[in-house]
Every structure is written in C-alpha cells, then in structure tokens.
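# My questions are about this predicted structure, shown below with the sequence.
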Amino acid sequence: MRNLKNPQSYEPELLEDFYPNDLRDLPKLPNAQPERMGNKKAPAKQMEPKESEAFSSSSMEDIWQKINDVPKEAPDSQGERKEPGKPLQDVRSFAGVKAGLSEEMPHALKAYDKAVSLMRYIMSFAGERKVYTDGLETVTHELISSLLRNQDALLCLPRILQRGSYLHTHCVNVAILLGAFYLQDGHGADEVKSAVLAGIFHDLGKGLLPPALIGSRKSLTTTEQAMAKRHPALGHTLLRESQATLPPVVGMAALEHHERYDGSGYPQGLAGPNISKVGRLAAIADTYDAMSSRRPYKNALLPHHALGVLYKKRGKHFHPDLLARFVKMIGIYPVGSIVELSDGYCGLITGNNPGNPLQPVVTLVMDPTGQNMQALECNLANGEAADIIRCLSPVETRIDPYHTILSNGKPSEDPDPFLHVFSQSK
C-alpha cells in the first residue's frame, strides 16, 4: 500500500485497505470519478465575510435578548447520557491567582505554544496509528491554570495571533473553548481536564488522512469530501483500540463533533439527546473556531460575526441552551475585537460585563482622525464612552491587538510584523 504520509500523491481507493474493519458500514466512496468543483465555493465552508455583514450592533442586541429567553436545559433531561468520569476534585488544585489581561497574556502564549507543539507529535503519531500522550498532564494543567487566572487571554489569543498550522492550532483552540465552558459551568477539576483532553483529541482522525487532503488549498472533490468525513470514526476507533488511558468523553467528542442537533450531521446522524453533551458542545466549539480561523481555502470571519452565524443555526445544528451559554462565555463582543464607536473613536475590547455584554470594556487607541492616541480604558456600562457601531479588522485600522494588550494600550510603532497574520481576515 502507498505511504499515506506522502503529501505528493495519494489514491483514494487505496485508503479502503487502511481503514479499520469496523468502518465497513460507513458510506462507501463512489466508484465513478466525480467532477472537480473548480472555483465554486461550498456554502458552508467557503463563507465570506459579506454573509455576516448583517450582524450590526442592533443585530447583536437582538441576539442577546433572545439568548436570555432560551430555556435552560435540565441536567440529564430527556434521556441525556451522563458523561462518566472520576470523582470530582476541587478545581483550585490548578494553582493560580487572578491576573489582569496584559499580565496573563505572556503566560497564556507560553502555554498555547507548548500545546501546539504537543499537537504536532499527536498528529504525527496518529499517522502511524498510535496515540501519543507524553506531556499531556503538563499541557492540560498549564492551559487550565491560565484559564483560571484570566480566561480572556487564552480565549482571544487564537483570534489575534496565528501560531502554527490550522490542523494543530484548531485542536488546541477547541480544547481551550471546552475547558473554559466547563469551568464556567462549575465543573470540578477532573471534568474540566477531561473537556480539555476532548478538545485536544477531537480531530485525531485527521492524522490518519493524507496531508495533501487535509492541507488542500482548493475545493475537494465529492470523493475527497467523503474521505474527509471519515475522520470522526477513524479517530474514535484509534482511541478505542489504543492502550492510552483517556476519559470516555475524549472518544465521544472525537466521534460526535460533526453530529448536528437536528440529525443532519455525520457520521451517525444522531439527533438531540442521543448526542452527548460533550459532543454537542464540541460541535459548537469546532464550528466557531473553524469560521473564525484563517484556513488554506477561505478567509476568517471576525469573531462576533462567527457568533452571529452560529446563532442563526440555533435549534437546527446546535442545541439552543448550550449555544446561548457558549455565546455568553465568549461575549457578544469577544475580548480582542477591534470596535468603532459612534463618535468615531476606535479601540480594543479588553473586558466584558457578563450582566451587560453589549456594553463591554473598551481601551480606546485611535481618535476619529485615525491617529494613535494615549490609551484610555472606558467601561461602556458606566456611560464612559459612546456606543459600539461595528467591529473592524486589524488590517482596516492597523491596530495590533496583541501588542495593544501586552503593552496596556501603548500604540505599536511598527505593527506590520503582526499584520501579515490578518492580511486575509477582513
């Protein structure tokens, strides 16, 4: 059989021999050679920012009002499967004291880079049908510790810096989102750690696919799409057959993160309570990060645009209550977002008001003439500045979010070293 790690070429039909036997019931690849999609854009995966331009400040107000009206999900109601786990431990076992955003950012970056490095090993070993677990304890501990000190640092970091290939950073980003959600929900240390691990391994099956397929810069053929859709089952099987000691929710997330609340997902077409909680939440986190990340074949959406697109699919693709709580966790205007106020000033969201997310904390760094100014932190909830009218990209404003946070708002004299990351993220 051809070496699957060869990025130069691969033959889809040869992969049939590589898949584990228990995947024989999955839909088979079509025998006929499909026509290539060319430059046509797949609606769900080639989304351009114009699709979300309708999400103005008034739209976000409407979303927030509707989120507050969503009925809360009763624990384990309607046959929801409980997620097995070890007895809970006090989450404070992850040492750390509260820190400011700028103070935590260097520590968050260090933990993030370490996690991305680990993902490179995990995916490389997956290609050899092995599950790599060395260093997991340290990485999960450092990620959770950073979230406890100031969750905004890790949550916004993937949106303002690009630190590696999407295959690796995406898994870390989903791990951060799941860990932050479980912390917000008041889970104990064991469950939070399990959620982080679920995010790290949720796309493990992609390590079994040809690199040329995963890193493709053009639209996939129908055959290639069918092949790519096998990664949840591949990852789940690899986890189940390995000798690695991992929580059961890790396998659930790997298998179910492409299932949809209305049953339209894959690989099993599960719906509603038949999808585990971690599976439903992983679906939200996976989609949010995919939309708000730069990919080889599409631009990134601004975070608040991505949240708006997600919200349009509430009750269809995503569980309404879990999605509402996810949006509350991220914030209507996520930390790290660049906003323009009604008086023409521009600034960076550096804090959220959970009770009033439409009026966050903004650090103003640009005056109405487009000139850098001495940073001024304003809490919109206290009426300290005008209202937000729209979100902007770093390219439009030449505001460097990372440097602004790190320097407590001091303007960067040369933002260009950072701006290349966002050159296609308008």
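Here it is on my side, so go on.
# From here on, just use CA atoms for contacts and neighbour counts.
OK.
# what about Gln374, which SS state?
Assigned with DSSP: H, G, I helix; E, B strand; the rest coil, Gln374 falls in the strand class.
# Tell me if I'm right that it and Val365 touch.
Yes. Judged on C-alpha atoms under 8 Å, Gln374 makes contact with Val365 at a distance of 6.3 Å.
# ok, the two, which is more surrounded?
Neighbour count, other C-alpha atoms under 10 Å: between Gln374 and Val365, Val365 has more, with 23 against 13.
# State the distance from the more buried one to Asp400.
Val365 sits 10 Å away from Asp400, taking C-alpha to C-alpha, to the nearest Å as the criterion.
# What ranges does the protein have for its strands?
338-341, 346-351, 361-366, 372-379, 388-392 (DSSP state E).
# who wins for proximity to Phe318 among these?
strand 388-392 (24.8 Å; C-alpha to C-alpha).
# so the closest one versus strand 361-366, what angle?
Interaxial angle, strand 388-392 versus strand 361-366 (axes from the mean of the first three to the mean of the last three C-alpha atoms, to 10 degrees): 70 degrees.
# tell me which strands and helices strand 388-392 is in contact with?
helix 57-69, strand 338-341 (3 or more C-alpha pairs under 8 Å, 6 or more residues apart in numbering; DSSP states H and E).
# mean pLDDT for the ones you listed: which is lowest?
Lowest mean pLDDT within these: helix 57-69, a mean of 59.
# In this protein, where is pLDDT below threshold?
1-96, 409-426 (pLDDT under 70).
# Could you list the domains of it?
Domain ranges of the chain: 74-330, 338-422, per automatic domain parsing.
# How far does the first one sit from its chain's centre?
The reference is to domain 74-330. Computed by C-alpha atoms, centre = their mean, to the nearest Å, the chain-centroid distance of domain 74-330 equals 7 Å.
# next one: the last one
Distance of domain 338-422 from its chain centroid, counting by C-alpha atoms, centre = their mean, is 23 Å.
# doesn't Asp203 make contact with Ala254?
Yes. Here Ala254 lies in contact with Asp203, judged by C-alpha under 8 Å, at a distance of 6.1 Å.
# who's more crowded, those two?
Using other C-alpha under 10 Å as the criterion, Ala254 and Asp203 rank with Ala254 on top: 29 against 26.
# Just give the closest residue to the more buried one, not the sequence neighbours.
Leaving out its chain neighbours, the residue that sits closest to Ala254 by C-alpha to C-alpha, 6 or more residues apart in numbering is His202, at 4.0 Å.
# how many other residues sit next to the one you found?
32.
# ok, it - contacts?
By C-alpha atoms under 8 Å, 6 or more residues apart in numbering, the residues touching His202 are 171, 232, 235, 250-251, 253-255, 257.
# so of those, which ones are in helices?
Under the assignment DSSP state H, the contacts of His202 contribute 171, 232, 235, 250-251, 253-255 to helices.
# Most tightly packed of the strands of the chain?
strand 346-351 (a mean of 28; mean count of other C-alpha atoms under 10 Å).
# pretty sure Leu323 is touching Val309, no?
No. Using C-alpha under 8 Å, Leu323 is not in contact with Val309, being 11.5 Å away.
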